[in-house]
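Asks: dropping a prediction and its sequence here:
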Amino acid sequence: MSKKSKKKPQATTAVAAAVNAVAVEPDAPPEPQLRLADMQASARAHIDNKAWAEILGLGRVPLTAIHKDDRKSAEVWLLRAKILGLYPPGIRSPYELAREVREEYEGALKELAGRVEALHTLQLEFDLYLDTLGWSIDDCAQAFRRLSRACMELTNVDWLRKLRGRALMLLRAHEGRRGEEMSAADQETLAALPDLTLALSEAYAAAEQGEALDEEGRALVNVLRLDLDLLMADPWDYGRVGDALLRLPCPSESSLIALPKDESSGRAQLRLTPRAWAFMWMLEHTPGEGLADLLQRFPEPFACDACEGLRRVLCALSAAPADVDEHLSLAVRALMRFADADAHWFGEQLTMTLSEGVQEIYVGMSGLHMASVGDLLLRLYEHSPEDFARRAELESLYRIFTASTQYSPLEDEALGDEDMPGLAWLCEQSLSFQLAAAYVIQGAAGRMRLLLDAMRRATSAGVPMPQNYYSGDLSGEDLDEPEAWLVLDALEQLSAVREQMTEKTRRMWLEVVGDIFDALSKLGDKVRAQLLPLARDFSDDLLEKEHSFRLAYLEQVAGDPDDALHYYLINLDTAENLPDVSVKNAKLLWARSEDLGQVQQFVDKLQEEMPTSSRADVVQQLLTDAKARLATLNKRDQFERTAVSRWPSLTAPARKLLSVFASIKSYNGLAEVAEYAGMDLTWAGRHYDKLVELGMLLVTDKTFRINPHIAPLLERESQHAVIGRIVRSQGTSAVKQVFNSQREFTIYQVLVQLCPNHLVFPNCALQSVMSFDRMKELVSDDDFGYYLRAIVDIVVVSSTTYLPMLAIEVDSVWHDTERQQRNDNKKDRLFAAAGIPFMRLRPVGSPCENTIRAQVAEHVDELVRSLRADLPGYDQARGLLEDLSGVRT
């Protein structure tokens with residue numbers, strides 16, 4: 001048994017058993033048997049052992065389980081035990097409790113308050129109950145009533161502070177200064193309250209008469225009385241109550257200034273003395289013409305930056321022109337030190353001199369009655385002369401100071417951007433002011449520029465950044481290019497001192513680096529081109545804040561595609577959720593690349609990344625996609641390389657058109673290129689299609705280029721010269737006559753004489769007069785094979801169109817063989833399919849030349865009648881044949 005368990009009195013065994021029984025069978029409680037005294041004794045033992053669960057068990061015992069003689073007394077005791085068990089010592093706040101536990105705890109306090117009218121006699125529970133009351137009008141009224149009675153009956157300075165806080169809240173509601181519309185019930189609640197200021201005055205008097213206050217307590221009550229006088233004073237009475245403040249025991253301002261500065265508040269001076277309080281009061285109520293006289297009453301600097309800043313503004317308004325800037329500069333620095341300290345509690349303490357020295361008197365969360373620093377700054381501006389040299393700066397100081405301390409950026413106000421009058425001068429006086437402006441002015445570009453410049457200034461000067469700064473939303477609006485250049489310039493200057501940043505400056509920079517680069521990267525190519533080197537300079541910062549996507553995007557659109565893939569893979573690895581945009585953009589890297597070597601590097605990089613990636617499946621998908629693109633480019637590359645082999649198949653007009661493409665940089669439609677080439681548009685279109693089909697001209701949606709592999713051939717073509725190469729004989733000979741027989745030669749001579757304006761060729765290969773591709777389509781494989789090796793004896797060709805107009809085969813006895821007749825039939829079918837007029841001539845005996853002419857004419861006449869009108873060169877062919885058929889001996 002533990003020592004703790006030994007401490008439990010044996011007399012509590014019955015109580016514990018009863019509690020357990022009740023807990024096990026709540027619907028069937030045992031007969032009343034518990035006595036309150038036994039439960040209290042058991043509770044004391046549990047408290048000693050810090051057994052809070054057992055205390056809670058006692059507090060949850062039903063009242064019906066207690067002896068009837070003790071039930072009346074037990075009502076309150078059970079609630080107190082439950083409250084202690086639910087919220088035991090060691091728990092810092094009820095909000096650390098589970099929701100259902102906190103609800104039970106607050107319900108118990110509310111029930112206790114309902115049962116005990118003078119709840120303040122139970123001080124612990126009273127304080128806990130007050131803490132559960134919110135700041136609605138009804139809750140404030142309840143707290144005020146209970147605190148009013150408590151302060152009249154007992155002396156407790158903390159209750160006085162709470163009473164004052166609730167009363168001030170109700171007074172603001174009564175005067176309509178809560179900023180919200182009141183319901184009818186709230187109005188009734190306010191109307192039912194007693195005179196709030198009278199109740200406060202009576203509570204202060206009761207505390208003084210009770211003689212239970214120590215020196216600090218008496219000082220507090222005296223301050224609260226004067227604070228109430230300020231609240232109730234008439235406008236004409238401001239001087240009297242101001243003088244009363246000056247009679248409070250006040251330490252020397254200079255001695256306070258000499259004290260060590262609080263580093264946690266950024267070395268700001270925040271000690272509000274009675275003298276400084278009086279200055280704030282008089283500055284609020286002194287007529288405008290008497291403001292300058294305040295400097296005679298308050299010539300000494302204050303130990304409170306807020307008051308000293310206002311005093312320095314007053315000095316600037318009264319100073320000689322040469323001294324204005326010095327005073328106003330000191331005012332800006334003091335006011336911004338105060339703003340930077342985030343002193344939302346300003347006025348909650350008053351620094352006074354007591355018997356034991358200087359002490360801070362805490363007056364409560366509501367603070368002392370005085371105008372806000374921003375309101376007093378506005379008053380000084382409104383009463384400044386129209387010809388005051390820095391009047392515009394004073395107005396801007398008020399606007400920036402107020403907006404920053406209220407966390408309320410300038411939105412729709414006129415002249416609220418970086419061109420605000422006097423803004424540049426004010427920024428030069430104080431980094432804190434520049435940072436405040438960087439939060440509140442209109443325009444993301446202006447805020448970025450001010451922020452970047454402030455960090456550069458602090459780093460270059462080696463001074464610490466101000467204590468507090470909130471950048472706000474830098475990504476809520478788009479920039480335009482003129483704005484972007486100024487931001488880029490500021491970013492470039494910051495880059496030069498990046499390595500000298502203090503840790504605090506660096507933390508501030510890291511909070512905004514992503515938004516700034518994101519906004520700039522949305523602009524055009526010129527901006528992104530200048531942004532990329534800066535992104536590389538700040539790459540470590542961007543990666544630290546998980547902005548690898550931004551680096552990847554900038555490299556993709558303006559830099560190195562290999563680096564872009566590197567950063568996209570980092571983004572895939574580090575992003576919490578799969579970044580679909582990174583996957584799509586990565587695929588675009590190779591989808592839009594025509595560089596085979598580069599795509600190969602992408603494939604190599606992905607293969608290298610596969611084993612270590614946290615998203616290997618996604619990398620595998622990218623690798624598969626990149627390999628498919630690589631295969632496509634490989635095939636295209638091979639096709640382009642083999643274009644040299646297809647070069648001979650290009651016709652002269654096609655080469656001419658290709659030369660035009662090689663000479664121009666752009667064109668607007670094929671008609672323009674056809675005009676440059678001196679070519680009919682229809683023919684230009686056909687040649688263009690052929691050039692693309694054969695891979696001579698490489699065309700994309702937006703560009704065209706000449707296949708580099710045929711560039712030397714095209715260059716040679718454009719030289720318009722004859723390139724000669726002599727092949728030396730080997731000393732052997734295998735020559736023969738062009739004509740296979742004397743009859744062929746005779747007929748050839750006849751046709752040359754009959755066709756003086758045309759070209760007559762002997763022994764022509766069929767491939768030279770028939771289209772290879774068309775014949776392959778039109779005839780059988782067997783006939784096509786014969787076509788590839790056959791010749792015809794004589795062909796008459798147009799000297800203008802170079803189309804064959806007539807073919808003649810000279811037959812002999814050798815054509816009577818079975819094999820030759822099969823070949824003759826094939827040749828007949830080939831000419832019939834090709835559409836070339838074809839005639840077979842077979843001289844019999846030894847006809848003379850005139851006979852041959854006459855016989856040719858007879859056969860040609862028959863050929864004319866069978867000529868097809870749809871044949872290419874029909875008109876010339878018909879004319880030729882008609883001429884020939886008209887020949888007579």
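Replies: Noted; the coordinates are in hand. From a predicted model like this one, the values you see are computed outputs, not experimental measurements.
Asks: correct me, but Met420 touches Ser396?
Replies: Yes - at 5.2 Å, Met420 counts as touching Ser396 under the criterion of Cβ atoms under 8 Å. The way it works is simple: take the backbone N, C-alpha and C, and place the C-beta from them, glycine included.
Asks: in three-state terms, label Met352 for me.
Replies: strand (DSSP: H, G, I helix; E, B strand; the rest coil).
Asks: which parts of this structure are strands?
Replies: Counting by DSSP state E, the chain has strands at residues 349-354, 357-362, 697-699, 704-706, 759-765, 791-797, 804-810, 838-841.
Asks: of these, which is nearest Phe602?
Replies: Nearest to Phe602, of all the strands of the chain, is strand 697-699, at 21.4 Å by Cβ to Cβ.
Asks: could you find the closest non-adjacent residue to Pro579?
Replies: Asn571 (5.5 Å; Cβ to Cβ, 6 or more residues apart in numbering).
Asks: elements contacting the longest helix seen in the chain?
Replies: Ranked by number of residues, the top helix in the chain under DSSP state H is helix 616-641. When contacts are defined as 3 or more Cβ pairs under 8 Å, 6 or more residues apart in numbering; DSSP states H and E, helix 616-641 packs onto helix 561-574, helix 580-591, helix 596-609.
Asks: which of the ones you listed is buried the deepest?
Replies: helix 561-574 (a mean of 20; mean count of other Cβ atoms under 10 Å).
Asks: which secondary structure elements does that one sit against?
Replies: Packed next to helix 561-574, using 3+ Cβ pairs under 8 Å, 6+ apart, are helix 548-558, helix 580-591, helix 596-609, helix 616-641.
Asks: again, only using 10 Å
Replies: helix 525-537, helix 539-544, helix 548-558, helix 580-591, helix 596-609, helix 616-641 (3 or more Cβ pairs under 10 Å, 6 or more residues apart in numbering; DSSP states H and E).
Asks: for those helices, give me CSV that also has distance to Thr64.
Replies: Listed next are the helices and strands packed on helix 561-574 as CSV, based on distance: least, Cβ to Cβ, whole Å:
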stretch, distance to Thr64
helix 525-537, 76
helix 539-544, 66
helix 548-558, 68
helix 580-591, 65
helix 596-609, 74
helix 616-641, 67
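Asks: how about these in TSV, adding distance to Glu111 and mean pLDDT?
Replies: Listed next are the helices and strands packed on helix 561-574 as TSV, based on distance: least, Cβ to Cβ, whole Å; pLDDT from 0 to 100:
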stretch	distance to Glu111	mean pLDDT
helix 525-537	64	95
helix 539-544	55	95
helix 548-558	58	95
helix 580-591	57	95
helix 596-609	66	94
helix 616-641	60	93
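Asks: among those, which is nearest Arg145?
Replies: Among these, helix 539-544 sits nearest to Arg145 (Cβ to Cβ), with 56.8 Å.
Asks: mind listing what's buried in that closest one?
Replies: Judged by neighbour count (16 or more other Cβ atoms under 10 Å), helix 539-544 contains these buried residues: Ser539, Asp541, Leu542, Leu543.
Asks: ok, so of the residues you listed, who is nearest Arg240?
Replies: Asp541 (60.1 Å).
Asks: for the closest residue to the closest one other than its chain neighbours, give its distance to Arg528.
Replies: Leaving out its chain neighbours, the residue that sits closest to Asp541 by Cβ to Cβ, 6+ apart is Val513, at 5.0 Å. Distance of Val513 to Arg528, computed by Cβ to Cβ, to the nearest Å: 16 Å.
Asks: roughly how far apart are Ser148 and Asp139?
Replies: According to Cβ to Cβ, Ser148 and Asp139 sit 15 Å apart.
Asks: higher neighbour count, those two?
Replies: Neighbours per residue, other Cβ atoms under 10 Å: of Ser148 and Asp139, the larger number sits with Ser148, 22 against 16.
Asks: what does the pLDDT read for that one?
Replies: pLDDT, Ser148: 96.
Asks: roughly how far apart are the residue nearest to the spatial centre of the chain and Met508?
Replies: Nearest to the mean C-alpha position of the chain, counting by Cα atoms, centre = their mean, stands Asp518 at 4.7 Å. Applying Cβ to Cβ, the value for Asp518 to Met508 is 17 Å.
Asks: need the residues touching each of Met420 and Ser396.
Replies: Common neighbours of Met420 and Ser396, counting by Cβ atoms under 10 Å, 6 or more residues apart in numbering, are Leu426, Ala437, Ile441.
Asks: show me what contacts Gln123?
Replies: Ala150, Leu154, Asn156, Asp158, Trp159.
Asks: go ahead and confirm the second one touches Ala207.
Replies: Pointing back at Leu154 there. Yes - counting by Cβ atoms under 10 Å, Leu154 touches Ala207, with 9.4 Å between them.
Asks: of the two, who's got more company?
Replies: Ala207 (25 against 17).
Asks: quick check, that one in contact with Arg161.
Replies: No - between Ala207 and Arg161 there is no contact under Cβ under 10 Å: 11.2 Å.
Asks: overlap in contacts, these two.
Replies: With Cβ under 10 Å, 6+ apart as the test, Ala207 and Arg161 both reach Leu220, Leu224.
Asks: quickly note the distance from Leu778 to Asn823.
Replies: Taken as Cβ to Cβ, the span from Leu778 to Asn823 is 18 Å.
Asks: the two: which has the busier surroundings?
Replies: Leu778 (18 against 13).
Asks: give me the neighbour count for the closest residue to the more buried one other than its chain neighbours.
Replies: Spatial nearest neighbour of Leu778, chain neighbours left out: Ala833 (4.5 Å); criterion: Cβ to Cβ, 6+ apart. Per other Cβ under 10 Å, the neighbour tally for Ala833 reads 18.
Asks: what sits against Ala833?
Replies: Ala833 makes contacts with Met770, Arg774, Met775, Glu777, Leu778, Val779, Ser780, Asp783, Phe784, Tyr787, as judged by Cβ under 10 Å, 6+ apart.
Asks: check Asp525 too.
Replies: Here Asp525 is in contact with Val557, Ala558 (Cβ under 10 Å, 6+ apart).
Asks: from Asp518, how far off is it?
Replies: The value you get for Asp525 to Asp518, if Cβ to Cβ is used, is 17 Å.
Asks: cool, Ser733 as well?
Replies: 84 Å.
Asks: likewise for Asp419?
Replies: According to Cβ to Cβ, Asp419 and Asp518 sit 25 Å apart.
Asks: give me the number of residues near the closest residue to Ser408 other than its chain neighbours?
Replies: Closest residue in space to Ser408, ignoring its immediate chain neighbours: Val440 at 7.5 Å, by Cβ to Cβ, 6+ apart. A total of 22 residues lie near Val440 under the criterion other Cβ under 10 Å.
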